[in-house]
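In: Pasted the sequence and its predicted model underneath.
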Amino acid sequence: MHSKLRSVTGTLQESELLLTRLKGDMQVVNTYLETVNDDLKGQMEAVGGQQEKLREQAGALQRVDLYEAQQALKEQPQVREEMAQLRNQLQTLKQQAAELEVGNASRWRAWLTIGIPTVPRKNGADYLTLTLESLLEELPLDGSDPLYGRVKVIVMNNRPGNHSVFYKVRERIEGGAAEDEFVAKARVYVSMVDNPGTLPDPAPELPDPNDLDNPTNRPGRQVRQQTCDLITLLEMATPQSYYYLFMEDDFRVCPNAVPIMHYIVRKLNAVPAMRNWLSVRLSYGMNGILLPTLYLPSLTNYLRMHTARLPPDLLYAEWFGGKREETWEAVRGRQQYVYHKNLLDHMGEESSFAVRASRPPFPRCFASMADVWSIQAEERFQAAACPGNDLSPCPASDSSETWTRMPVQWPGNFADDARFHPSDVTASTVIPGNGAFR
């Protein structure tokens, strides 16, 4: 038993000794392999470095060759000319892009919106086309003109579905030939919209007044609806431009009227004492009133509050006169001015109202606004107080802007224009009523 144990113990000792020797041999082998591996890695890095140097040298040679080739190519006269043309084209494109960016920014809000409410006329008379033709004749089709695309004309049909002339004009604009100047201009400036009918008569229960015996000027249902339609148009137009012009669908625009309006606005904004202006009257009735859209919400609210009390032209006179407390915040310290000449020409001889007493003829183009019988005295031009001026109240005489003290002599050749001869064809709206709508 003991002898077997000794034999096993000896065998284990011998195995341990052999294992120790094997470990030592393996360590020698590993050390040798690591040395070989390091040598190989060094050699590979050296080769890689040489390859990188070779690639850099090849790239440099290629760049030198390419540069020299480009330089040689640029020296060719034809290539030089083509490159110069390309540079000019690039500069032109950059300039056009900049102008387009500025133009789009400026067109986002127009300079002027002209609002034209329209209703059908007896016998289908087409005053609307004549009105738009005279207006578009004043607007440029030349994209380089400062007013190109800066005027919006909103024609609102207040009898949706029942105004054949309106739809005829709209169809002409949408489907007409581009060679038609009326069509070309209308597509730039005109929007033809139906009244959405969101603002009904606030007092439908009130009886209509007697038009020949109405000392308080109480409006009938047709005039009240006209005021509601006007409010709808004003709310649509307010955010679209800096200025707004009231216009009716049976008034021609007198020659040079749009340039004159631009001149008037520049003049009012140039004179320090006049810069806080509220509005400027250019014609009569609820027509030819130009004002900053900044004040339209105040006027719109006033019309809404008093729709059943007075016609819109008389409400406007109350509003700009600051006769009620609800107008003070907008109008106090501000002035309505009056241009010395009438800039809108009324078409037709008959009133749109069912009953109307005889009355003097309406002023024609460039008639003095000092003598207009249909507006109140405070809305007429003060000719005696402002000799040599074209706006009243008179601009301050100490203005540093010399041109603002001198009225411009606009050509008044309308008398030779067949469009502005008294019409032999008369028509009236199908809507009787009261107030200034004719």
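Out: Great, that's in hand.

In: Contacts for stretch 159-176, please.
Out: Among residues not part of stretch 159-176, those counted as contacts by C-beta atoms under 8 Å, 6 or more residues apart in numbering are 118-121, 124-129, 132, 155, 157, 180, 182-183, 186-187, 190, 192, 194-195, 197. Quick note: C-beta positions are derived from backbone N, CA and C, even for glycine.

In: Restricted to strands, list the residues you listed.
Out: Judged by DSSP state E, these include 118, 155, 157, 190, 192, 194 as members of strands.

In: could you flag which of the contacts of stretch 159-176 are buried?
Out: The neighbour count (16 or more other C-beta atoms under 10 Å) marks 118-121, 125-128, 132, 155, 157, 182-183, 186, 190, 192, 195 as buried among those.

In: could you pull out the helices for the stretch 151-300 of the chain?
Out: If DSSP state H, counting those that start in this stretch is used as the criterion, the helices of the stretch 151-300 of the chain fall at 164-175, 181-189, 221-237, 257-270, 296-305.

In: roughly how far apart are Tyr244 and Gln336?
Out: Counting by C-beta to C-beta, to the nearest Å, the separation of Tyr244 from Gln336 is 14 Å.

In: Of the two, give the one with the bigger neighbour count.
Out: Using other C-beta atoms under 10 Å as the criterion, Tyr244 and Gln336 rank with Tyr244 on top: 28 against 20.

In: surely the more buried one meets Leu112?
Out: Yes: with the criterion set as C-beta atoms under 8 Å, Tyr244 and Leu112 qualify as a contacting pair; they are 7.3 Å apart.

In: which regions of this structure sit below the pLDDT cut-off?
Out: Applying pLDDT under 70 to the chain flags the ranges 1-74, 91-92, 94-107, 348-359, 395-401, 411-438.

In: list the residues that contact both of Tyr244 and Leu112?
Out: Listed contacts common to Tyr244 and Leu112 are Leu290; contacts here mean C-beta under 8 Å, 6+ apart.

In: returning to that earlier point: for Tyr284, find the nearest of the helices of the stretch 151-300 of the chain.
Out: Using C-beta to C-beta as the criterion, the shortest distance between Tyr284 and the helices of the stretch 151-300 of the chain is 14.4 Å, found for helix 257-270.

In: Just name whatever secondary elements the closest one is in contact with.
Out: Using 3 or more C-beta pairs under 8 Å, 6 or more residues apart in numbering; DSSP states H and E as the contact test, the elements touching helix 257-270 are strand 279-281, strand 289-292, strand 336-339, strand 391-392.

In: Contacts made by the first one with the rest, please.
Out: Contact partners of strand 279-281, identified using C-beta under 8 Å, 6+ apart, comprise 264-265, 268, 288-291, 295, 320, 336-339, 369, 375, 379, 391.

In: Note down every partner strand of it and its orientation.
Out: Using DSSP bridges, the neighbouring strands of strand 279-281 in the sheet come out as strand 289-292 (antiparallel), strand 336-339 (parallel).

In: Likewise for the last one?
Out: Here the strand partners of strand 391-392, with direction, are listed using DSSP bridges: strand 336-339 (antiparallel).

In: Show me what secondary structure element comes after the strand it pairs with.
Out: Next along the chain after strand 336-339, taking DSSP states H and E as the criterion, comes strand 344-346.

In: Throw the helices and strands packed on helix 257-270 into CSV and include distance to Ala330, thanks.
Out: Rendered in CSV, the data for the helices and strands packed on helix 257-270 read as follows (distance: least, C-beta to C-beta, whole Å):
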stretch, distance to Ala330
strand 279-281, 11
strand 289-292, 10
strand 336-339, 12
strand 391-392, 21
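
In: so which of these comes closest to Glu138?
Out: Go through these one by one with C-beta to C-beta and the one that ends up closest to Glu138 is strand 289-292, at 14.1 Å.

In: isn't Ile260 right up against Asn342?
Out: No: counting by C-beta under 8 Å, Ile260 stays clear of Asn342, with 11.1 Å between them.

In: who's more crowded, these two?
Out: Regarding Ile260 and Asn342, a neighbour count based on other C-beta under 10 Å identifies Asn342 as having more, with 25 against 20.

In: right, and the more buried one touches Ala370 too?
Out: No: applying C-beta under 8 Å, one finds Asn342 not in contact with Ala370, separated by 10.3 Å.

In: Kindly export stretch 141-154 (C-alpha atoms) in CSV.
Out: What follows is stretch 141-154, C-alpha atoms only, in CSV (Å, rounded to 0.1, in the frame of the first residue of the first chain):
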residue,chain,number,x,y,z
LEU,A,141,-48.4,97.0,-66.3
ASP,A,142,-44.7,97.7,-66.2
GLY,A,143,-43.0,95.7,-63.4
SER,A,144,-40.4,98.5,-62.9
ASP,A,145,-43.1,101.0,-61.8
PRO,A,146,-43.1,101.7,-58.1
LEU,A,147,-46.9,101.1,-57.9
TYR,A,148,-46.9,97.8,-59.9
GLY,A,149,-48.7,95.2,-57.9
ARG,A,150,-48.9,97.6,-54.9
VAL,A,151,-52.6,98.4,-55.4
LYS,A,152,-55.4,96.0,-54.7
VAL,A,153,-58.9,96.5,-56.0
ILE,A,154,-61.6,94.5,-54.2
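
In: ok, residues contacting that stretch?
Out: Outside of stretch 141-154, the residues that reach it under the criterion C-beta under 8 Å, 6+ apart are 103, 106-107, 110-116, 132, 135, 139-140, 181, 184-185, 188-191, 193, 233, 236-237, 240-241, 258, 262.

In: Enumerate the positions of that stretch that are buried.
Out: Within stretch 141-154, the residues scored as buried using 16+ other C-beta under 10 Å are 147-154.

In: Among the residues you listed, name the ones in strands.
Out: 151-154.

In: Turn those residues into TSV, columns for distance to Pro219.
Out: What follows is these, written out as TSV (distance: C-beta to C-beta, whole Å):
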residue	distance to Pro219
Val151	31
Lys152	29
Val153	27
Ile154	24
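
In: which of the residues you listed lies closest to Ala385?
Out: Each of those was checked against Ala385 using C-beta to C-beta; the closest is Val151, at 32.5 Å.

In: any idea how far the closest one lies from Phe366?
Out: Taken as C-beta to C-beta, the spacing of Val151 relative to Phe366 amounts to 21 Å.

In: Pro311 too?
Out: For Pro311, the distance to Phe366 (C-beta to C-beta) stands at 27 Å.

In: which residues does Trp410 contact?
Out: Taking C-beta under 8 Å, 6+ apart, we find Trp410 in contact with 256, 259-260.

In: now with 6 Å?
Out: Asn256 (C-beta atoms under 6 Å, 6 or more residues apart in numbering).

In: i'd like the first residue to be 8 from this point on
Out: Okay, residue one is now 8; in that scheme the one you just asked about reads as Trp417.

In: three-state assignment of it?
Out: Assigned state for Trp417: coil (three-state reduction, DSSP: H, G, I helix; E, B strand; the rest coil).
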